[in-house]
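Engineer: Pasting the sequence and the predicted coordinates here, then a few questions.
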Amino acid sequence: MPSPSFLSRRPPPVLLLLLSLWPIWAQVPVAATPTATPGSPDCPEACACEPGGQANCSGRALSAVPVGLSRRVRALLLDHNHVRALPSRAFVGSDALRHLDLRENGLRWVHARAFWGLGALQQLDLSANQLEALAPGTFASLRALRALSLANNRLVLLEPAALGALPLLHALSLQDNELSELAPNLLAGLPSLNALRLRGNPWACGCALRPLCAWLRRHPQPAPAETLVCVSPGRLTLSSLTAFSDAAFSHCGQPLAPWDLAVIYALGPVSFLTSLATCLALGSVFTACRARRRRRAAASRPRRRPLNSDAGWASPADPGSPAAAAQV
């Protein structure tokens, strides 16, 4: 039986070349995503970069934020270094950063614009540092922030202006600081907050703690819940913050509304000037009445006849006078 015509033909040379190279192609692995090495354009020097945009600079004895951060970096690990201060725009060029870890750096000072340009940042860890205060507007630009840790610092006071309005923040850690109270409007700018860590602070259970106690009642923490107790005043020592109802603050004055403050600021100078004018008018009337009374008293007083100084005139009672001698 004759063979088919296509089997009897000789394969073209190009096909034979491709078939001869097939064993080599089979041994070549599939190309993986390249990993940036330290010093490359996509990775800062002294850091190790991994696929997925993570720059690991942990424990490298760095004293400042490394320069040359790429826009591809999504996570920057700077924990366990010696970054003592964060200047203005410390992370310029990292506008795609999502996670920033600055734990245990001995950080003492943060510029109010240190985090400008990180509009996509979602997680920020500043725990285990030496922060005592935060400038107004420090976190105002982090509108996408969802988790913030300020635990284990030296914060004595945390102003609402430092946090600003963070509409997406749902987790805030303030534990192990020196906070005795929270500003009344601090939690008002955090509408999505549902996890608040507060243990390890010397809470003073007074009127200033009323907003915090109300927030804790509205947001019960899942078990095991942390125990928050008062350390002052003496009669409330070791009392739980969650045990205070709104009636316990009935003796506290309500904070003034913005309209009330506007009225006070507007009427304050007017009332002062009115009081001053009234005092001047009353003083003038009193002075005029007193002067008139003195004039009346002077007019009603009898006038004394002046004594005659003539040498030839003598009193009748005087025995040495001529008149007395004539009478004798």
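Structural biologist: Arrived safely. Predicted, not measured: the structure shown is a model, and the values here were computed from it.
Engineer: which residues touch residue 83?
Structural biologist: 62, 63, 64, 65, 102, 105, 106, 107 (Cβ atoms under 8 Å, 6 or more residues apart in numbering). C-beta coordinates here come from the backbone N, C-alpha and C atoms, glycine included.
Engineer: For PyMOL, write the selection for the buried entries among these.
Structural biologist: Paste this into PyMOL to select the buried members of the contacts of residue 83, with burial taken from 16 or more other Cβ atoms under 10 Å:
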select buried, resi 62+65+102+105+107
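Engineer: how about the helices in the chain?
Structural biologist: Counting by DSSP state H, the chain has these helices, from start to end: 5-8, 13-27, 160-163, 210-218, 258-300, 322-327.
Engineer: for the record, mean pLDDT for the longest one?
Structural biologist: Averaging pLDDT along helix 258-300 yields 79.
Engineer: same check, this time on stretch 151-168
Structural biologist: On average, stretch 151-168 scores 93.
Engineer: got the contact list for it?
Structural biologist: 126-140, 142-146, 148, 150, 173-180, 182-183, 185-186, 188-192, 197.
Engineer: make it 6 Å
Structural biologist: 127-132, 134, 136, 138-140, 145-146, 173, 175-179, 183, 185-186, 189-190, 192 (Cβ atoms under 6 Å, 6 or more residues apart in numbering).
Engineer: Sort out which residues of it are buried, please.
Structural biologist: Within stretch 151-168, judged by 16+ other Cβ under 10 Å, the buried ones are 151, 152, 153, 155, 158, 160, 161, 162, 163, 164, 166.
Engineer: what ranges of the chain fall below the confidence cut-off?
Structural biologist: 1-42, 222-226, 233-238, 242-243, 245-248, 250-251, 253-261, 263-264, 301-328 (pLDDT under 70).
Engineer: which residues of the stretch 101-250 of the chain fall in strands?
Structural biologist: 109-110, 123-125, 147-149, 171-173, 195-197, 203-204, 230-232 (DSSP state E, counting those that start in this stretch).
Engineer: With mean neighbour count and distance to residue 51 added, can I get those in a markdown table?
Structural biologist: Putting the strands of the stretch 101-250 of the chain into a markdown table (neighbours: other Cβ atoms under 10 Å; distance: least, Cβ to Cβ, whole Å) gives the following:
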| stretch | mean neighbour count | distance to residue 51 |
| --- | --- | --- |
| strand 109-110 | 18 | 31 |
| strand 123-125 | 20 | 20 |
| strand 147-149 | 20 | 24 |
| strand 171-173 | 20 | 27 |
| strand 195-197 | 17 | 31 |
| strand 203-204 | 18 | 46 |
| strand 230-232 | 17 | 49 |
